[in-house]
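Novice: Structural data only, the sequence is not supplied:
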């Protein structure tokens, strides 16, 4: 009889340990869900910013094409590729880790003849120049 009482007590302890683990896992799941929601909101905000920037770039491109400034237009295209690259670097791994496919990610930019550092510096110089012109 004392063996069955010990066995019962052991089962009660195991059930309590499982309940604690279950509670811990539920809290962790809730934290992860909250974090995922935050990331989704940030991604959505960034998409809006990118759309706004793309609209501005397209507007600038139309003005430059109409005034014959095709060199700057090429630089704007490089800037758009840079922005897309940054977006892919920043958000693609997070989107993939949340179980979403790549269908929501923008397409990867075409390779550029300069290295990424050169492209970034050229983009920065072009942005400074555009700022001065305004």
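Specialist: That came through, no problem. Since we're looking at a predicted model, the values are computed, not measured.
Novice: taking the mean pLDDT, what do you get for the helix or strand where residue 28 lies?
Specialist: Under the criterion of DSSP states H and E, residue 28 resides in helix 2-66. Averaging pLDDT along helix 2-66 gives 90.
Novice: let's number from 526 now, not from 1
Specialist: Got it, the first residue is 526 from now on, which makes the last one we talked about helix 527-591.
Novice: same for that helix, what does it pack against?
Specialist: The contact analysis (3 or more C-beta pairs under 8 Å, 6 or more residues apart in numbering; DSSP states H and E) places helix 527-591 against helix 595-622. Where C-beta positions appear, they are placed from N, C-alpha and C, glycine not excepted.
Novice: tell me the mean pLDDT over the helix it packs on?
Specialist: Mean predicted confidence for helix 595-622 is 68.
Novice: Check stretch 650-659 too.
Specialist: Stretch 650-659 comes out at a mean pLDDT of 69.
Novice: how deep is residue 600 tucked in, by neighbour count?
Specialist: Applying other C-beta atoms under 10 Å, we find 20 other residues in the vicinity of residue 600.
Novice: where's it relative to residue 607, distance?
Specialist: 10 Å (C-beta to C-beta, to the nearest Å).
Novice: and residue 530, how many neighbours?
Specialist: Residue 530 has 9 neighbouring residues, counting by other C-beta under 10 Å.
Novice: Same question for residue 577.
Specialist: Here the number of neighbours of residue 577 (other C-beta under 10 Å) works out to 10.
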